[in-house]
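Engineer: structure, please.
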Amino acid sequence: MTLPKAHYVIDNQGEKLFVQLNLKDWENFVVEFQRIEGLLSFKNKLKNALREVRQIQKGEKKATTLNDFLNEL
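Structural biologist: Presented below is the predicted three-dimensional model:
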């Protein structure tokens, strides 16, 4: 993804106050942001699952059987 062309609104001292993007660039940004959020969420869930597997292997946590899991649904 290439960075969109941004226009800045500045104050009298030259400090940037706001950024303006054209609508298409903003919509593309939002879609990409949501995609990345989804990937990060998946990554965190996978890390937690792998941590739980290690705990089960070490005997620190009790494993759940498939039947128990399905019965909880």
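Engineer: tell me the pLDDT at residue 5?
Structural biologist: Residue 5 carries a pLDDT value of 87.
Engineer: next one: phi and psi at it?
Structural biologist: phi -70, psi 120 (degrees, to the nearest 10).
Engineer: for this structure, longest helix please?
Structural biologist: helix 23-57 (DSSP state H).
Engineer: give the other helices and strands that the one helix or strand in the chain whose mean pLDDT sits lowest contacts.
Structural biologist: Among the helices and strands of the chain, helix 66-72 carries the lowest confidence by mean pLDDT, DSSP states H and E, at a mean of 91. Using 3 or more CB pairs under 8 Å, 6 or more residues apart in numbering; DSSP states H and E, no helix or strand is in contact with helix 66-72. Just so you know, the C-beta spots here come from the backbone N, C-alpha and C atoms, and that holds for glycine as well.
Engineer: distance from it to the middle of the chain?
Structural biologist: Distance of helix 66-72 from the chain centroid (CA atoms, centre = their mean, to the nearest Å) equals 29 Å.
Engineer: what's near enough to touch the most centrally placed residue in the chain?
Structural biologist: Centroid check for the chain by CA atoms, centre = their mean gives residue 37 as the closest residue, at 2.3 Å. Contacts for residue 37 (CB atoms under 8 Å, 6 or more residues apart in numbering) come out as none.
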